[in-house]
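>>> Okay, structure incoming, though there's no sequence with it:
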């Protein structure tokens, strides 16, 4: 019996969509930063500490935190819309 190994590469192939130009911030002072918590253990603790640091040390105006139902579930459209409309930068993360 011949052994066979199938290797899948989890990289999306380029589509017909035009690439987005990278956007950068000139700094964090006065900005609103959003976090999407993927609901894994301890990420909420990390986000709380990061929020305090961003405000105290970098002058971030506000931090918006939203939590997904689970790691494998995308954030709801209304959460994404809220973050796009209100935030200058959004960070998504993982805990454990």
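It's in. None of these values were measured; they are calculated from a predicted model. Numbers count the residues shown, from 1 in each chain.

>>> Might you list the low-confidence residue ranges for the protein?
Counting by pLDDT under 70, the chain contains low-confidence ranges at 1-22, 95-96.

>>> tell me which residues of the biggest helix by length in it are tucked away?
The residue-count maximum for a helix in the chain (DSSP state H) belongs to helix 43-58. For helix 43-58, the neighbour count (16 or more other Cβ atoms under 10 Å) marks 43, 47, 50-51, 54 as buried. The way it works is simple: take the backbone N, C-alpha and C, and place the C-beta from them, glycine included.

>>> swap in stretch 29-45?
Residues of stretch 29-45 classed as buried: 31-39, 43 (neighbour count, 16+ other Cβ under 10 Å).

>>> Repeat that for stretch 67-78.
For stretch 67-78, a neighbour-count test (16+ other Cβ under 10 Å) marks 68, 75 as buried.

>>> what's the answer for stretch 58-66, then?
Buried residues in stretch 58-66, defined by neighbour count with 16+ other Cβ under 10 Å: 60, 63-64, 66.

>>> Return the member of those nearest to residue 87.
residue 64 (6.1 Å; Cβ to Cβ).

>>> Return the residues in contact with the closest residue to the closest one other than its chain neighbours.
Of all residues not flanking residue 64 in the chain, residue 34 sits nearest, at 4.5 Å (Cβ to Cβ, 6 or more residues apart in numbering). By Cβ atoms under 8 Å, 6 or more residues apart in numbering, the contact set of residue 34 is 63-66, 83, 86-87, 89-91.
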